[in-house]
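[1] Coordinates only, no sequence provided:
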């Protein structure tokens with residue numbers, strides 16, 4: 001994977017911490033998942049959670065096709081899209 005070739009260096013408390021691109025995708029996915037619990041509006045929750053799930057699917061692929069991670073988050077993303085589409089239909093009715 002070309003993303004795994006790139007490494008980012010962070011200096012924290014005089015220690016050099018190295019993160020590759022795969023880890024960064026994982027951290028973004030985790031951040032979106034946690035942020036999805038903050039809003040009170042259901043539509044916003046579903047959108048943020050959907051983004052987190054898609055990032056977790058990408059993370060599972062980048063880790064080397066980790067199927068439990070890919071399948072579980074892929075199914076949740078599909079459920080979120082289903083509810084967002086139905087939410088849109090309910091608004092127009």
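    Cool, got the structure. The structure presented is a predicted model; accordingly, all values stated were derived computationally and were not measured.
[2] do you know how far the residue most central in space within the chain is from residue 80?
    What sits nearest the mean C-alpha location of the chain, by Cα atoms, centre = their mean, is residue 52, with 2.4 Å. From residue 52 across to residue 80, the span is 10 Å (Cβ to Cβ, to the nearest Å). To be clear about C-beta, it is placed using only N, CA and C from the backbone, and glycine gets the same treatment.
[3] Repeat that for residue 89.
    Plainly put, residue 89 is 15 Å away from residue 80 if you go by Cβ to Cβ.
[4] Could you check which of these two is surrounded by more residues?
    With neighbours defined as other Cβ atoms under 10 Å, residue 89 and residue 80 compare such that residue 80 has more, 21 against 9.
[5] What about that one? Give its phi and psi, please.
    phi -60, psi -40 (degrees, to the nearest 10).
[6] Now it. Nearest residue, chain neighbours left out?
    residue 50 (4.1 Å; Cβ to Cβ, 6 or more residues apart in numbering).
[7] where's that neighbour, which helix or strand?
    Using DSSP states H and E, the element containing residue 50 is helix 42-62.
[8] What's the local residue count around residue 69?
    Neighbours around residue 69, by other Cβ under 10 Å: 17.
[9] so what's the nearest residue in space to it that is not next to it in sequence up against?
    Excluding the flanking residues, the one nearest residue 69 by Cβ to Cβ, 6+ apart is residue 60, at 3.5 Å. Residues near residue 60 by Cβ atoms under 8 Å, 6 or more residues apart in numbering: 66-70, 73.
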